[in-house]
Every structure is written in C-alpha cells, then in structure tokens.
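> predicted coordinates and the sequence they were generated for:
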Amino acid sequence: MIGNSKTFDVLSHLKKYKKITSLEAIDLFKATRLSAIIYTLRHHYHYDIYTELIPSIDSHGRKIRYGLYWLESDEPIL
C-alpha cells in the first residue's frame, strides 16, 4: 500500500489516464514535487514510469521544457 496520499493520488491518476505533468499534479492534488513522487513510485514501489521532456515557451517568451510522465503498466515491476 502506498503511504503518502499525494503519491497514491498520482499513482491512481497514472493508472486511469496513463499520463501526468507537474501542472496537472498541482491543479488536481496540490502536489508541487511531482518529480519526487515519481522517484518514489519508481524506486520504492517499482513502477515503470517514463519521462519525456516537452519543449514549450513560458509567459516571458523563454524556451523551457517540462516533464510528461507516463505509466506503461498498471503493475509494479518485481
């Protein structure tokens, strides 16, 4: 069982929708440290979560990248 409720919320979202970004995690769960949650799911619970860096432009016109995380399988890798 996943101990932290935000970790559980993110995992549940990934299982249902397969993908999440930091902005979605903040909006949906007030989870401001998505990369730490993903780390926990990968290294403590052994979920196979991938990251793609998406290029974008911020509100000041600067080039940025944000992480799109996705889950390949609903089950942890043992």
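Cool, got the structure. Keep in mind that what you see is a predicted model, and the values were worked out from it rather than measured. Numbers count the residues shown, from 1 in each chain.
> could you verify my assumption that residue 64 touches residue 58?
Yes - with contact defined as CB atoms under 8 Å, residue 64 reaches residue 58; the gap is 4.9 Å. The C-beta positions use only the backbone N, C-alpha and C, and glycine is treated the same way.
> more neighbours, these two?
The residue with more neighbours, out of residue 64 and residue 58, is residue 64; 12 against 9, by other CB atoms under 10 Å.
> and residue 64, how far is that from residue 48?
Taking CB to CB, to the nearest Å as the measure, residue 64 falls 27 Å from residue 48.
> same deal with residue 35?
Taking CB to CB, one finds residue 35 at 16 Å from residue 48.
> what residues sit buried inside the biggest helix by length in the chain?
The longest helix of the chain (DSSP state H) is helix 5-17. When burial is assessed from 16 or more other CB atoms under 10 Å, helix 5-17 yields the following buried residues: 6, 7, 9, 10, 11, 13, 14.
> how about the helices in this structure?
For the chain, applying DSSP H gives helices covering 5-17, 22-29, 34-43.
> run the chain-centre distance for the last one.
Relative to its parent chain, helix 34-43 has a centroid offset of 7 Å by CA atoms, centre = their mean, to the nearest Å.
> with the longest one instead?
What separates the centre of helix 5-17 from the centre of its chain is 8 Å, taken as CA atoms, centre = their mean.
> touching, residue 20 and residue 12? I think so.
No - Residue 20 lies out of contact with residue 12 (CB under 8 Å); the separation is 10.5 Å.
> any regions of this structure where pLDDT drops low?
Low-confidence regions of the chain, defined here as pLDDT under 70, cover residues 1-3.
> at 90 what do you get?
In the predicted model, the chain carries pLDDT under 90 at residues 1-4, 72-78.
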